[in-house]
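Enquirer: Predicted model follows, preceded by the sequence.
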Amino acid sequence: MAMIALKVDVDTLRGTREGVPKLIALLRARDARATFLFSLGPDHTGWALRRVFRPGFLQKVSRTSVVSHYGLRTLMYGVLLPGPDIGLRAADAMRAARDAGHECGIHTWDHVYWQDHVRTRDAAWTRAQMRRAWQRFEAVFGTPPSTHGAAGWQMNAEAFRQLDDWGLRYASDGRGAEPYVPLLDGTPCRHVQLPTTLPTLDELIGADGIDENNVHEALLSRTEDGRDHVFTLHAELEGGKLAPVFERLLQGWRRQGHRLAPLAALYEQLDRTRLPHLPLAWGTVPGRSGELIVQR
C-alpha cells in the first residue's frame, strides 16, 4: 500500500490555536495520522511584508487571499503589534496533537526570522535559533522531538549538522522526489531527508485554471502513480478556509488506497542502504517565490 506522509507546518499563533484542533478532528474522522511541526517562539508574521520586492511574492499573494487565511491581526504581529510567544500561549493545543496520536516535531523558533535569514547566517546564529526551539519543545512536551521540518524549506549546512548532533534519524527540510541522505562537503549526514514531493495548495490555487473547487483533483491526479509521497499542509490553510479541500483530499487518497501516516511511518519502511547521497542544493518551485532547499 502506497503512503501519503502528512506533514503539517504550523506557522502562527492563530494556526496553532484554531487550525490544529480543526485538523485533529478532520484526521480523526478519516483514521489518519500526521506529523505536526510547530513554530515554538514569537509570531512575527508581519515581518513577511518585507518580502514585497522578492520575485514572485506579489504574484503569490494575489493568487492566495493572505488576509483571509491568516487574519489581519496575525499580519500585524511584529509590525503594529508585538509578536506573541506561541509556545507560551498555545502549548495546550500543541500537546493536543500529541495526545491525539500524532507525531510532533520542530518547525522553527521564529518562522519569518529563520526563513528570511538562515541561508546567509553563520554557525553560531543557526545553532542558537535551533537550540531555543529544542529547549522550548522539551518544555512543552517533556520529551525531545523526533523530527524537524524547516520553515519555508530554508536551511544551511550548519542546520543539517545540528540535526545530526541532535541524533535525529530523519527530517523533512526541502523539496524533492524521494528520500535521500544529504552530503555536506562530500560527507554523508547521519539522518535521512524525506522531502516534500507534492505541491502545496497555495502553490496550485490560481494557476492554470485551478481554484478551491478543483485543486483536490489536481493533487489527486499526481498521486495515482502508486508511489509514496510527502504532502505539506499548513494549519492556517487546511485548518482554516481550505478545510473542505483537505477533507476532499483525504477522501480521495483513501479511495486511491493510500495509507495516511506521519513521517515516522515513511522512514521506518525505508531501506537506507539503497538511498542516494546528494549534496546540498537550492532551486525554485513553481508557485512559490524565492529559492528553497531542493533535491538534485
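Expert: Received it, and whenever you're ready, just let me know what you need.
Enquirer: Can you check which strand is longest in this structure?
Expert: strand 3-10 (DSSP state E).
Enquirer: contacts for it?
Expert: With Cβ atoms under 8 Å, 6 or more residues apart in numbering as the contact definition, strand 3-10 has outside contacts at 16, 19-20, 23, 27, 32-39, 107, 149, 151, 172, 194, 196, 223, 228-235, 238-239, 253, 258-263, 265-266, 269. (Each C-beta comes from the backbone N, C-alpha and C, glycine too.)
Enquirer: Could you list the buried residues of stretch 222-232?
Expert: Across stretch 222-232, burial judged by 16 or more other Cβ atoms under 10 Å covers 223, 228, 229, 230, 231, 232.
Enquirer: Let me know the closest of these to residue 121.
Expert: Each of the buried residues of stretch 222-232 was checked against residue 121 using Cβ to Cβ; the closest is residue 232, at 23.5 Å.
Enquirer: part of a strand, is that closest one?
Expert: Yes: judged by DSSP: H, G, I helix; E, B strand; the rest coil, residue 232 forms part of a strand.
Enquirer: Surely it touches residue 199?
Expert: No: between residue 232 and residue 199 there is no contact under Cβ atoms under 8 Å: 9.2 Å.
Enquirer: What count of nearby residues applies to residue 122?
Expert: By the measure other Cβ atoms under 10 Å, the count of residues near residue 122 is 9.
Enquirer: just checking, it touches residue 158?
Expert: Yes: if you go by Cβ under 8 Å, residue 122 and residue 158 touch, sitting 7.5 Å apart.
Enquirer: Would you mind measuring from residue 230 to residue 263?
Expert: Separation of residue 230 from residue 263 (Cβ to Cβ, to the nearest Å): 7 Å.
Enquirer: Mind listing the shared neighbours of these two?
Expert: With Cβ under 8 Å, 6+ apart as the test, residue 230 and residue 263 both reach 5, 7, 172, 194.
Enquirer: pLDDT score for residue 48?
Expert: If you check residue 48, the pLDDT there is 61.
Enquirer: and if you look at the one 5 residues further on?
Expert: Each residue has a pLDDT score; the one for residue 53 is 41.
Enquirer: and what of residue 19?
Expert: On the pLDDT scale, residue 19 is placed at 97.
Enquirer: now the one 3 residues further on
Expert: Model confidence at residue 22, given as pLDDT, is 98.
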